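Participant: structure of the sequence below:
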Amino acid sequence: MQSGEVDLSAEQKQKLRELGEEFKNLSNSHKIVGYRREHNEHRNYFNKKLSSENIDSLTENEFKELCKNLWAIRGWTKKEWRIENQILTPNGFDKIKSELKKLLYGTEESLQRYDTFRLNIKGLGIASLSEILNMTFPESYCLWNDTHRKVLPYLQLDSLLPQKFFRKPGVGRDYHQCLQLLTEVKSQLAEFGINDFLDLDIFLWHIHEDLIPSSEKKQVRNKNKDTTNNKHHQIALWVVRAGRSGEQEKAALQNNIITIGWNELDNLSSIQDYDLLRRHYSQAYPKQTKNQVGTGSAQVWKFFREIQKDDLIAIPLKSQNKSQKAIAIGQVIGDYEYKKEYGDNIRHTRSINWLKSIPKSEFDNDFLKAFGRRHTVYKIEGAQADHAKTILLKQGITELNTDDKGGLQQAITEEQQEIELAHTIDELSKQTYFPPYTITEIYELLNEKKQIIFYGPPGTSKTYFAKHFAHFFTQNKNNVKIIQFHPSYSYEDFVEGIRPILSETGNAAGFSLQKGILRRIVDGCLETPNQKFVLIIDEINRGNIAKIFGELIYLLEYRKESISLTYSPNNDSNVSNNKTHAVFTLLFIPNHKIL
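Facilitator: Numbers count the residues shown, from 1 in each chain. Have a look, this model is predicted:
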């Protein structure tokens with residue numbers, strides 16, 4: 001890797017020189033000496049364990065200890081369990097050692113070795129992988145972790161990398177681009193004693209720990225999302241309420257604006273720092289408690305600083321007829337403005353291009369429950385945001401004012417591609433935002449118990465996760481069925497029952513025994529015994545469990561046994577056949593015991 005592959009501006013070089021000079025003057029300070037000692041000890045440990053002479057004799061216990069010493073893993077909860085179950089068990093130690101040797105000492109191009117390791121070994125992410133490379137070859141490979149993602153914006157270097165790198169670079173060419181940038185940074189700092197990537201990491205760690213204020217670290221993360229400086233901005237979806245009873249809806253829709261309350265606050269345009277806003281807020285509302293000040297100022301900050309141009313805004317309309325409840329969707333086209341011409345109750349505004357009013361019936365329950373939060377301004381993220389954007393596309397909202405190439409159409413297309421069938425736990429984690437160790441636990445529990453109940457507050461994506469997990473578990477979307485219980489749901493609907501046979505005219509022509517959803521799934525299992533099937537029961541608590549399951553409650557505990565059915569006493573039923581797996585999604589029920 002040669003320097004000069006990334007061009008830094010004169011301002012960027014000057015900032016690096018100033019910080020490099022300061023770092024050189026501090027090189028003998030107790031703190032920097034401590035950083036350097038820790039880094040050298042870390043490098044010596046890994047260099048010894050993973051040297052070409054010792055890697056063949058590496059034992060499984062030594063590998064476990066090596067993982068526990070990785071900086072990238074030190075912060076894990078349930079560390080030993082996760083190393084065992086997410087790294088060793090899925091891959092096997094012999095395979096890990098073989099791939100590790102190829103990664104470090106193989107003859108292929110480094111980018112190919114990187115991608116091959118990532119493809120073949122699950123559980124070690126970019127931070128762990130870059131750390132192993134850096135500690136073994138500090139002259140050739142850089143670290144890439146959360147520290148770098150926070151410090152580069154502070155150095156005004158974040159614009160030189162695509163926005164996705166400030167989440168996680170995935171393949172070898174992504175890491176190569178990070179390496180190119182940091183190689184140039186290292187070259188600029190060589191005269192200040194920064195000779196390899198280990199020295200560079202000490203320099204960056206010093207900036208992260210000693211120079212960036214804790215309050216500014218949050219702003220650095222927000223800066224990475226600023227569409228005015230970054231053409232790779234991803235459209236975000238925000239809820240902004242137009243008054244507790246919708247009293248500001250009319251003004252907002254007629255004047256193409258969004259607005260919030262807090263009218264005691266003066267013009268906020270000159271405020272660039274969150275701490276300053278909080279002091280400003282405290283002065284405007286001296287009677288509020290510390291918690292109220294924190295909550296209120298955080299929402300105001302989101303409104304005038306974090307919401308970016310091109311972001312989408314959703315306003316749940318309250319002033320309309322209840323039978324015509326809808327959500328107004330608009331796109332932000334202007335920065336914060338302080339205005340008085342819209343009436344006494346409106347001061348803080350953002351200009352909006354209103355796109356469409358969409359009936360609430362178009363959205364699923366999990367998304368609508370997200371509107372139950374009491375805050376005035378908040379972001380819709382994860383599965384709920386994906387669902388909302390998909391609905392917008394179906395409603396014909398495709399052409400937006402955005403630098404995100406292709407507008408919402410491309411954003412939706414990318415989201416739809418990401419919702420394709422996941423083949424690994426890591427892929428499912430990216431789709432559902434559930435950590436891999438949680439998915440692993442659920443996977444193992446379902447294999448053992450054959451049924452799971454997901455419960456929690458409304459709007460926490462239980463159904464969304466259940467569907468994606470079921471697709472991953474079966475590896476066949478056709479083998480996943482979903483139903484929703486309700487008060488009138490019965491045994492005859494679920495298992496089997498006597499049903500009328502309708503003639504061509506729609507009149508009852510007789511009666512016959514017809515199978516319910518559960519019996520039909522069991523038939524599928526018997527026909528294809530080598531496949532897995534999953535039945536998702538949404539809102540199971542709304543049904544009468546004893547009435548719906550009948551005698552089959554017995555089989556939930558004794559899965560390998562059989563039992564006679566009410567309508568088919570001569571045909572014993574085994575609902576599992578060791579292949580059917582039931583996934584129950586359940587809304588939270590206080591003081592209620594679940595099956």
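Participant: are we agreed that residue 47 is in a strand?
Facilitator: No - going by DSSP: H, G, I helix; E, B strand; the rest coil, the assignment for residue 47 is helix, not a strand.
Participant: quote the end-to-end distance of stretch 76-86.
Facilitator: Using Cα to Cα, to the nearest Å, one end of stretch 76-86 lies 12 Å from the other.
Participant: right, I mislabeled it, should have said stretch 162-174
Facilitator: 9 Å.
Participant: how about stretch 52-71, which residues are buried there?
Facilitator: For stretch 52-71, a neighbour-count test (16 or more other Cβ atoms under 10 Å) marks 55, 58, 63, 64, 66, 67, 70, 71 as buried. No exception for glycine: its C-beta is placed from N, CA and C like everyone else's.
Participant: list of residues touching that stretch?
Facilitator: Stretch 52-71 is contacted by residues 42, 45-46, 48-50, 73-74, 79-80, 83-84, 87-88, 93, 96-97, 100-101, 104-105, 127-128, 131-132, 145 when judged by Cβ atoms under 8 Å, 6 or more residues apart in numbering.
Participant: try 6 Å this time
Facilitator: 49, 73, 83, 93, 97, 101, 105, 128, 131 (Cβ atoms under 6 Å, 6 or more residues apart in numbering).
Participant: for these, which single residue is the most surrounded?
Facilitator: residue 131 (24 neighbours; other Cβ atoms under 10 Å).
Participant: surely residue 452 is in a strand?
Facilitator: Yes - counting by three-state DSSP, residue 452 is located in a strand.
Participant: show me where the stretch 401-550 of the chain has strands.
Facilitator: Counting by DSSP state E, counting those that start in this stretch, the stretch 401-550 of the chain has strands at residues 451-456, 480-484, 496-502, 508-515, 533-538.
Participant: quick one: average confidence on the last one?
Facilitator: Read that as strand 533-538. Average pLDDT, strand 533-538: 85.
Participant: burial measure for the nearest residue to residue 495 once chain neighbours are set aside, as a count.
Facilitator: In this structure, residue 495 finds its nearest non-sequential neighbour in residue 516, 4.9 Å apart by Cβ to Cβ, 6 or more residues apart in numbering. Residue 516 is flanked by 19 other residues according to other Cβ under 10 Å.
Participant: got a markdown table for the contacts of stretch 52-71, with distance to residue 328 too?
Facilitator: Shown next, in a markdown table, are the contacts of stretch 52-71 (distance: Cβ to Cβ, whole Å):
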| residue | distance to residue 328 |
| --- | --- |
| 49 | 59 |
| 73 | 46 |
| 83 | 49 |
| 93 | 56 |
| 97 | 58 |
| 101 | 59 |
| 105 | 60 |
| 128 | 45 |
| 131 | 47 |
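Participant: could you point out which of those residues is nearest to residue 484?
Facilitator: residue 83 (39.5 Å; Cβ to Cβ).
Participant: check contacts around the closest one.
Facilitator: With contact taken as Cβ under 6 Å, 6+ apart, residue 83 is in contact with 64, 67.
Participant: could you give the mean pLDDT of stretch 340-350?
Facilitator: Rounded mean pLDDT across stretch 340-350 is 86.
Participant: okay, how far is it across it, tip to tip?
Facilitator: First residue to last in stretch 340-350 (Cα to Cα) measures 13 Å.
Participant: kindly report the same for stretch 332-347.
Facilitator: 17 Å.
Participant: next: stretch 306-317.
Facilitator: Counting by Cα to Cα, you get 23 Å between the two ends of stretch 306-317.
Participant: that older thread, figure out which of the strands of the stretch 401-550 of the chain is closest to residue 251.
Facilitator: Residue 251 lies closest to strand 451-456 among those, at 37.1 Å (Cβ to Cβ).
Participant: can you list the buried residues in that closest one?
Facilitator: 451, 452, 454, 455.
Participant: what is the nearest of these to residue 334?
Facilitator: residue 454 (41.5 Å).
Participant: settle this for me: the closest one is touching residue 461, isn't it.
Facilitator: No - assessed by Cβ atoms under 6 Å, residue 454 is found out of contact with residue 461, at 9.6 Å.
Participant: run the chain-centre distance for stretch 106-118.
Facilitator: Stretch 106-118 sits 28 Å away from the centroid of its parent chain (Cα atoms, centre = their mean, to the nearest Å).
Participant: re earlier: tell me the most buried of the strands of the stretch 401-550 of the chain?
Facilitator: Highest mean neighbour count among the strands of the stretch 401-550 of the chain (mean count of other Cβ atoms under 10 Å): strand 533-538, with a mean of 23.
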